[in-house]
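Q: got a structure for you, letters missing:
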């Protein structure tokens, strides 16, 4: 029935306070200011006692119900007051939230405007970049075509140079072979000439030796001839004298 222990404590305190205030009122209603006669007083007391017991019972029942009603009413009022306070608090919070929301909305709108301007600038930059990229792509396409043409011509030149190099290498190899062949022939010829020279030198030496020998022999023969001529002359003179 009650939400918190504080609510129960408050209800108990209200019930005690209500009971404390209710009893003097009832006793005051039963105590009249007029002073009754003894007979009336005794009979009245008896009646009063009987009525008092009944009244106390009925009052107890009524006061218990009234207390419950009062307690329920107080609880309802407290609940209503609490709800009103909560409603006021909620209204205040809502108003504050609305103000903050409006401020945030203004900030958000300002940020949104800045973002839109920034996006617009970015779109312009992107458009410029796209145009630049398109131009670069076009230039690259043209450059690539020129490069392909140049590459094709260069490859043709390279193939031509390679053929020339192969031809030159073949000619060089042939020239080398001819050179080495000629060199070998010249070496062989030189060797033969050296051999022939040695043979000729040997023959020359032999001829010189023979010449010296013949010179000596000629000298000896000449001397012998002279001697023979002298002897013959002497013989002729002697014969002439003998005659």
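A: Cool, got the structure. Owing to the predicted nature of the structure, the values given are computational and were not obtained by experimental measurement. Numbers count the residues shown, from 1 in each chain.
Q: Count the neighbours of residue 221 for me.
A: Neighbourhood size, residue 221 [other Cβ atoms under 10 Å]: 12. Just so you know, the C-beta spots here come from the backbone N, C-alpha and C atoms, and that holds for glycine as well.
Q: Who are the packing partners of the helix or strand harbouring it?
A: In this assignment (DSSP states H and E), residue 221 forms part of helix 38-242. In terms of contacts (3 or more Cβ pairs under 8 Å, 6 or more residues apart in numbering; DSSP states H and E), helix 38-242 is packed against helix 5-30.
Q: so how far is stretch 65-79 from its chain's centroid?
A: Distance of stretch 65-79 from its chain centroid, counting by Cα atoms, centre = their mean, to the nearest Å, is 73 Å.
Q: Which parts of it count as buried, going by neighbours?
A: 67, 71, 74, 75 (16 or more other Cβ atoms under 10 Å).
Q: Out of the residues you listed, show me where the pLDDT dips lowest.
A: Minimum pLDDT across those is recorded for residue 67, with 70.
Q: if we can go back for a sec, output the buried residues of stretch 65-79 in CSV, with distance to residue 138 appended to each entry.
A: Supplementary listing: those in CSV, determined by distance: Cβ to Cβ, whole Å:
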residue, distance to residue 138
67, 98
71, 92
74, 89
75, 86
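Q: Return the member of those residues nearest to residue 130.
A: residue 75 (73.7 Å; Cβ to Cβ).
Q: Would you mind measuring from that closest one to residue 114?
A: When Cβ to Cβ, to the nearest Å is applied, the distance between residue 75 and residue 114 equals 55 Å.
Q: before we move on, the earlier item: tell me the one of the buried residues of stretch 65-79 nearest residue 229?
A: Nearest to residue 229 among the buried residues of stretch 65-79, counting by Cβ to Cβ, is residue 75 at 198.7 Å.
Q: quick one: pLDDT of residue 45?
A: At residue 45 the predicted local confidence, pLDDT, stands at 48.
Q: Could you do residue 166 as well?
A: 91.
Q: what's the neighbour count on it?
A: As a measure of burial, residue 166 has 10 neighbours, counting by other Cβ under 10 Å.
Q: where does this protein dip in pLDDT?
A: Within the chain, the ranges that satisfy pLDDT under 70 run 1-64, 236-243.
Q: if we can go back for a sec, any idea which of the buried residues of stretch 65-79 is closest to residue 157?
A: Using Cβ to Cβ, residue 75 comes nearest to residue 157 of the buried residues of stretch 65-79, at 109.2 Å.
Q: Pull up the gap between the closest one and residue 67, please.
A: From residue 75 across to residue 67, the span is 12 Å (Cβ to Cβ).
Q: just residue 172 next, same as before
A: Residue 172 sits 135 Å away from residue 67, taking Cβ to Cβ as the criterion.
Q: for residue 210, same thing?
A: Noted for residue 210: a distance of 184 Å to residue 67, by Cβ to Cβ.
Q: do the same with residue 85
A: Using Cβ to Cβ, we find residue 85 at a distance of 26 Å from residue 67.
Q: quick one: residue 165 and residue 143, what's the gap?
A: The spacing between residue 165 and residue 143, counted by Cβ to Cβ, is 31 Å.
Q: Equivalent analysis for residue 94, please.
A: 68 Å.
Q: Ok, residue 122 next?
A: Using Cβ to Cβ, we find residue 122 at a distance of 30 Å from residue 143.
Q: and the helix holding residue 221, how far from the chain's centre?
A: Average the C-alpha atoms of helix 38-242, do the same for its chain, and the two points are 14 Å apart (Cα atoms, centre = their mean).
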